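In: Model the following, please.
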Amino acid sequence: MRAADPFAAFLGIELVEVGPGFARARMAVTAEMVNAHGTTHGGAIFSLADAAFAAASNSHGVPAVALDMHISYLRKSAPGDVLVATAREENLTRRTGLYRIVVENQRQEAVAIAAGLVYRLAGEKGPREAAPR
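Out: Numbering: from 1, shown residues only. This next block holds a predicted model:
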């Protein structure tokens, strides 16, 4: 992942697990990742969620690009925290995929919840349509 995504590497995001329609990524929050309130910047949390989303949505071998992603922040985090984003496929068709991403801290408390929609690029063979999970 680091070679394919220099921005994720810059943030220290580590891809720790990938399976069909699933991915988990981890990031240690550093002092450089805070906002004016001294808490983790929403952009850093979003980037972690996006990295897990990208890995999960591309896990079937069919190139996928984001159409939409939105996030809700639930709890603050701070330097020293280790955040883990888990992306799970909710629905998959030949052309689109919907993913739910949960970001948790080291105490397994939800910090953010996101949803992302991808477009699966034409001309590539992919799995058959899957029923919602």
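
In: helices or strands next to the helix or strand of the chain with the lowest mean pLDDT in the packing?
Out: The weakest-scoring helix or strand in the chain, judged by mean pLDDT, DSSP states H and E, is helix 6-11 (a mean of 93). Using 3 or more Cβ pairs under 8 Å, 6 or more residues apart in numbering; DSSP states H and E, the elements in contact with helix 6-11 are helix 42-57. (C-beta placed from N, C-alpha, C; glycine too.)

In: Against which helices or strands is the helix it packs on packed?
Out: Using 3+ Cβ pairs under 8 Å, 6+ apart as the contact criterion, the elements in contact with helix 42-57 are helix 6-11, strand 14-19, strand 22-28, strand 64-73, strand 82-92, strand 96-104, strand 110-120.

In: Could you list the buried residues of the first one?
Out: Looking back up the chat, that one is helix 6-11. The neighbour-count criterion (16 or more other Cβ atoms under 10 Å) identifies 8, 11 as the buried residues of helix 6-11.
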